[in-house]
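J.: Using only what follows, build the 3D model:
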Amino acid sequence: MSVRSPEGWVTRRIRVGGFSRSALLGRLESAGVELNEAARRLFADDRFTTSQVGSLVEIVELPVASLEFESGATFTQIVERATGRGLSLCPLEVGPHFRLQYMDQPEGFWGNPPSQHCAPPGSITVASAPLADEDDAPKGFYLRRIQGVLWLRGYRSRQEHVWSPDDVFAFSRMPEH
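T.: Predicted coordinates for the structure are as follows:
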């Protein structure tokens, strides 16, 4: 279940943790989720850790423009503004768990031209600390449905890349009780 705020933020609660990297990969495969090469590289990186204990995480999806960046912003600017509003970076493992629990993501392909060097239409980029600073290293995950197929994809981005005002990020927030 999700809730949409007046500023266009979508909030959902997901369960994170309790599975190893290999178990997460198995669950993604069993669910028919496709991964690109960058996502596979993230899973293979020893710095990608998972929590053995499950917990509930509140995910807040928001367009860059809702953070008052009408012309877009860099990842650093987006994170600074989001943390100033009580949001946090997600642990990297949130991406696979989010994908497994958001199976009804709307189609992002039909009617949209192919995209390159920018977030694809309909995608949700999970805001997490990059494992490496090198430009060619995958920085994190994004979720997408392409022609009916669910994807968990890794992405690469330079620090100076300006994200579009329409790009959607997912941050975490401690759930209110």
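J.: And the residue nearest to Gly72 when sequence neighbours are not counted, how close does it get to Ile78?
T.: Take Gly72 and drop its neighbours on the chain: the residue closest to it by C-beta to C-beta, 6 or more residues apart in numbering is Val162, 4.4 Å away. C-beta: built from backbone N, CA, C; applies to glycine. Distance of Val162 to Ile78, given as C-beta to C-beta, to the nearest Å: 10 Å.
J.: Phe43 belongs to a strand?
T.: No - counting by DSSP: H, G, I helix; E, B strand; the rest coil, one finds Phe43 to be helix, located in no strand.
J.: I'd say it and Ala23 touch.
T.: No - counting by C-beta atoms under 8 Å, no contact exists between Phe43 and Ala23, whose distance comes to 11.3 Å.
J.: re the thing from before, what about the residue nearest to Gly72, how many residues close to it?
T.: Here the count is done by other C-beta atoms under 10 Å, and Val162 has 17 residues near it.
J.: And Phe171, its phi and psi?
T.: For Phe171, the backbone dihedrals (degrees, to the nearest 10) come out as phi -110, psi 170.
J.: quick one: it from Arg41, how far?
T.: 23 Å.
J.: next one: Leu67
T.: From Leu67 across to Arg41, the span is 29 Å (C-beta to C-beta).
J.: okay, these two: which has more neighbours?
T.: Neighbours were tallied for Leu67 and for Arg41 using other C-beta under 10 Å; the higher tally belongs to Leu67 (22 against 17).
J.: so who does that one touch?
T.: By C-beta atoms under 8 Å, 6 or more residues apart in numbering, the contact list for Leu67 reads Ala73, Ile78, Arg81, Ala82, Arg85.
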